[in-house]
Every structure is written in structure tokens, then in C-alpha cells.
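Participant: Quick one, fold the following:
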Amino acid sequence: MSDATLNPSVPAGPNRDVPLAEAGFGDYVALLKPRVMSLVVFTALAGIVAAPGPLHPFIGFVALLCIAVGAGASGALNMWWDADIDRLMRRTRSRPVPAGRVEAGEALALGLALAGFAVMMLGLAANWAAAGLLAFTIFFYAVVYTMWLKRRTPQNIVIGGLAGALPPLVGWVAVTGSVAWAPLLMVLLIFLWTPPHFWALALFVRGDYGRARVPMMTEVRGDRATRDQILLYALLLIPASGALALSAAGGPVVLAASVGLTALFAVAAWRVWRRDAARSEADGWAAERRLFRLSLVYLFGHFAAVMAEAVLGTGWSAWGGA
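Facilitator: Model prediction:
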């Protein structure tokens, strides 16, 4: 059965050669998934700011730019590969490639060019360890997650979340040239945050992934199992957040953010867990939407606290700690 049969309102063929409408500058920006890029840039900046040791501001800017471009490259490669299923989902059908404004080949070429540029420039400007990590991040998102996991397993978001979790480590290594526990704990926090963040979204856009035959947890295991998993990961965030607060990147500011934000997130996850589909539909999936929005505040709040701690110089090292 073709995609057009499943959804006759959308033109057939993910790799059609002639766009339906002329692409504008905004369409090429959209290929880079700027909202996802903003999260990547913010967490990478936290890794750069929190890392010990001097860094020339220009080198820091170039490193951050390379990480942002690498994230954009991943987004373009994802849109190239996923054009067929993006056309079937309400949330994604207006993206440039499935809508026919940008050819799939253009998205592929842009993604590869930006990936090569970002990795080479980061290696030349900072160090090749950071460049290698950035290359691995792009590969993991574009190949391991997009091409392999996404259409094969309900654990796609869990395993694939590693790609989105690595930017603070890339930023830290760009400054220091080495790996440490503090950035690894930042990676762990994002890794454990990703499943409840995306599954909250999947609950209130339910049906989209089913139409596209993407084995999201909500479609394969059902709402109840998804709610159980959301609560589980919310509880796992408690020790992960605490460990980050007590690490070399932590301090009283991070500890306060950890306690407050993690408590709010756990309560919101518990409210989603105790509901059922009927109650959620009756009030427009209010609890699920609140959890999704809170998840963004949760992550930005944690990494803003990490940066504030580093800028203020109030970390545990100033107290004679780690």
C-alpha cells in the first residue's frame, strides 16, 4: 500500500524531483530544525561555560557555531530520509521536503555539506577530540536513530536520545580536550529526560505515528505502558539530577534548581500516570501538554543553573569541594 493510499490528500513519492512550490530562505532554515538546534546550542554552551580552563572567546564562539551547524546538518539529513513518513503526520506534513518546497536531494546535499564543514572547522578551531564527538553525534542521529531505530523499535527515542544528549560533552571537550564526570552527568540528565519529553508529546498527538507506521511507544505498547514509562524515567531523573548538582559543575544554585525542578517534573509525571485515555481526551490532554511544556522548562532551567554557577563562581570548588 502506498503512502498516497494511506493519506490521499498528500502527493505520492518522497523523492519527487519537481517541488510543488518554490522554496524560500525560510524553508532552508526550517530544514535545520531551528527549535531543536536552540536546545542543542543551549546545552552545548553550558558545557563550554562550565568546563575548567581558559578559552578564547572567539574559539568558544566558533565551537558553539560548529555544534549548531552540526545539529542543523542532522536535522536536514533527518528530513531527507523521513520525507515519506513526514507527509503522513499532521505535525510534520508542512515541512519543506514533504510539502514539496525543497527537493529531497537538496536536503541531503545540504546536510552532508554542513556536517563536513562543522566537523572540520571544530577540529581546526578547538581540537579533534571534540570534532570526533560531533561527527559521532551527527552519525548517531542521522543513521542510528533516523535510518535504523526510528522505524524498528518502540525504544527508538530511548536509544536515539543519546544523540541529543551529547552536545554538552562536545562543548566541554572543545574547551578541555578531555572527558570528565560532570559533562557525562549532563549527558545522562538529557538522556533520561528525552523519553518522557517525547512520550508526553506522543500521547496528545496519538494516531500520527500510527498513520506513518512508526513504532512509537504509544502505538505499540499503548497509553498505559507509555504512562508507566514516563513515570519511571521521571523518577530516574531524581538521582541523575542530584548527581549533577553534586558534581564539579554543580553548586548551591544547581542544587536548588535540581530540587525544585525535579519535584515539579515528578509531580507532573505522576499526574499523567494516574490518568487514562478517556480522562485525557475529555480535557484535551491537559496533563500531557503541561508535562511536555514543563519538560522544556526543566531542561533549560537545569542548564541555565549550571551556567549561572560557573559565571558566579559559586560552585563546590569555591567551597573547597569537588
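Participant: Tell me how far the lengthiest helix in the chain lies from the chain's centre.
Facilitator: Taking DSSP state H as the criterion, the chain has its longest helix at helix 286-312. Centroid separation for helix 286-312 versus its chain: 13 Å, with C-alpha atoms, centre = their mean, to the nearest Å.
Participant: Next: stretch 197-209.
Facilitator: What separates the centre of stretch 197-209 from the centre of its chain is 15 Å, taken as C-alpha atoms, centre = their mean.
Participant: quick one: residue 129 and residue 176, what's the gap?
Facilitator: 9 Å (C-beta to C-beta, to the nearest Å). For every residue, glycine as well, the C-beta is placed using N, CA and C.
Participant: Those two: which is more packed in?
Facilitator: More neighbours surround residue 176 than the other of residue 129 and residue 176, with 20 against 17 (other C-beta atoms under 10 Å).
Participant: All the strands of the stretch 201-322 of the chain, residue numbers only.
Facilitator: For the stretch 201-322 of the chain, strands defined by DSSP state E, counting those that start in this stretch do not occur.
Participant: picking up where we left off before, which neighbouring elements make contact with the longest helix of the chain?
Facilitator: When contacts are defined as 3 or more C-beta pairs under 8 Å, 6 or more residues apart in numbering; DSSP states H and E, helix 286-312 packs onto helix 34-50, helix 181-204, helix 223-245, helix 252-273, helix 277-282.
Participant: Let me know which of these is tucked in deepest.
Facilitator: Comparing these by mean neighbour count (mean count of other C-beta atoms under 10 Å), helix 181-204 comes out on top with a mean of 23.
Participant: orientation of that helix relative to helix 286-312 in degrees?
Facilitator: Counting by axes from the mean of the first three to the mean of the last three C-alpha atoms, to 10 degrees, helix 181-204 lies at 160 degrees to helix 286-312.
Participant: Please parse this structure into its domains.
Facilitator: Using automatic domain parsing, the domain parsing of the chain gives 1-9+23-179, 180-322.
Participant: Need those domains in JSON lines (columns: mean pLDDT).
Facilitator: Output for the domains of the chain, formatted as JSON lines (pLDDT from 0 to 100):
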{"stretch": "domain 1-9+23-179", "mean pLDDT": "92"}
{"stretch": "domain 180-322", "mean pLDDT": "93"}
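Participant: Tell me which helix or strand comes right after the helix or strand encompassing residue 75.
Facilitator: Taking DSSP states H and E as the definition, one finds residue 75 inside helix 57-81. From helix 57-81 onward toward the C-terminus, using DSSP H and E, the following helix or strand is helix 83-86.
Participant: Can you list the neighbours in contact with the helix or strand just after that next one?
Facilitator: Using DSSP H and E, the helix or strand that follows helix 83-86 in sequence is helix 104-125. With contact meaning C-beta atoms under 8 Å, 6 or more residues apart in numbering, helix 104-125 is reached by 14-16, 23, 28, 31-32, 59, 62-63, 65-67, 69-70, 72-77, 79-80, 83, 96-97, 130-132, 134-135, 138, 142, 170, 174.
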